[in-house]
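Q: sequence and computational prediction follow.
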There are 2 protein chains.
Amino acid sequence: MEQRVSLITLGVADLARSRTFYETLGWRGQEVEETVFFQAGGLGLVLWSREKLALDSGLDDAHGTGFGGIVLAHNLRSPAEVDALLTTARQAGATITKPAATTTYGGYAGSFADPDGHLWEIAHNPGFPLAEDGTLTIPDFGTP
Amino acid sequence: MEQRVSLITLGVADLARSRTFYETLGWRGQEVEETVFFQAGGLGLVLWSREKLALDSGLDDAHGTGFGGIVLAHNLRSPAEVDALLTTARQAGATITKPAATTTYGGYAGSFADPDGHLWEIAHNPGFPLAEDGTLTIPDFGTP
């Protein structure tokens, strides 16, 4: 696993409120399908429904103990790399919260929790280009 | 506020266990003063006591509702920039959880919670170099 973080997703209760907050701080992003994507240096910072983020991480209940509402993502270049890293993570003591599967966006991803429950999504997303050094670029969604 | 994240700090219950976990995944970092620093692309990923992380963020109790055990940091180039950003954040609706003050490491930092309680530390840390583009470099602590 290379030492990099591709995305930080913040689970939010009210997307419009949160988007306005970060825009007031000077951030500019793109909203698509009830998700806001900000390019933040070499990674993406994402705002998404806290409930959906929990479910997407394989957790039943966003309100249960232990879900902090943040997921870190590590993106890879192929589904095979996703499978390999999830296997390594499990062997290292991670809990696989969501086995790898094809995603709605045409990618392939699974999730694990580290020893303290911090969640990582391991993903291959052909729509989010990765540079040689691992820098992730949020694509232009063509939204106004 | 530039669109970048300088540090991601994961609050952990057992530093040795967590360090071993990430090392088993292939990460290599430096441990100094019961803190592990990993260079992760243009930012740092840090492992630190969950209790200390809560207190350092101005929260009384790590076990209270709402502390997810992760803090994002945005580092700046001067104490004046820290003050200015915390003022902007408060005006944008943030809750200042820890007013800016001189830190034990010779810097200057304060913390806020965004509308969903996600914590940001806003810091000037002269020991952690920031490149022109905001890339943060974990210093060489000279540890074995």
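A: Here it is on my side, so go on. Numbers count the residues shown, from 1 in each chain, chains lettered A, B, ... in the order given.
Q: from here on, just use CA atoms for contacts and neighbour counts.
A: Fine.
Q: which non-adjacent residue is nearest the residue of chain A found nearest chain B?
A: Among residues of chain A, the one nearest chain B by Cα to the nearest Cα turns out to be A:Gly68. It sits 3.5 Å away. Of all residues not flanking A:Gly68 in the chain, B:Gly68 sits nearest, at 3.5 Å (Cα to Cα, 6 or more residues apart in numbering or on different chains).
Q: using the three-state scheme, assign the one you found.
A: Recorded secondary structure, B:Gly68: coil (DSSP: H, G, I helix; E, B strand; the rest coil).
Q: then the one 5 residues further on?
A: In the three-state summary, B:Ala73 is assigned as strand, counting by three-state DSSP.
Q: cool, and A:Leu86?
A: With three-state DSSP as the criterion, A:Leu86 reads helix.
Q: what does chain A have sitting close to chain B?
A: Taking Cα under 8 Å from any Cα of the partner chain as the contact definition, chain A meets chain B at A:1-5, A:10-13, A:17-18, A:21, A:24-27, A:38-42, A:66-70, A:85, A:88-89, A:92-93, A:114-116, A:118, A:133-135.
Q: what residues does the helix or strand bottoming out on mean pLDDT in chain A touch?
A: In chain A, no helix or strand scores lower on mean pLDDT, DSSP states H and E than helix A:50-56, which sits at a mean of 92. For helix A:50-56, the external contacting residues (Cα atoms under 8 Å, 6 or more residues apart in numbering or on different chains) are A:Leu10, A:Gly11, A:Val12, A:Ala13, A:Asp60, A:Asp61, A:Ala62, A:Phe67, A:Gly69, A:Val71, A:Lys98.
Q: next one: stretch A:19-28
A: Under the contact criterion Cα under 8 Å, 6+ apart, stretch A:19-28 has outside partners A:36, A:38, A:47, B:1-3, B:85, B:88-89, B:92-93, B:114-115.
Q: most neighbours out of those, which is it?
A: A:Leu47 (27 neighbours; other Cα atoms under 10 Å in any protein chain shown).
Q: thought that residue was touching A:Phe37?
A: Yes: A:Leu47 is in contact with A:Phe37 according to Cα atoms under 8 Å; the separation is 6.7 Å.
Q: end to end, how far does stretch A:89-105 reach?
A: 24 Å (Cα to Cα, to the nearest Å).
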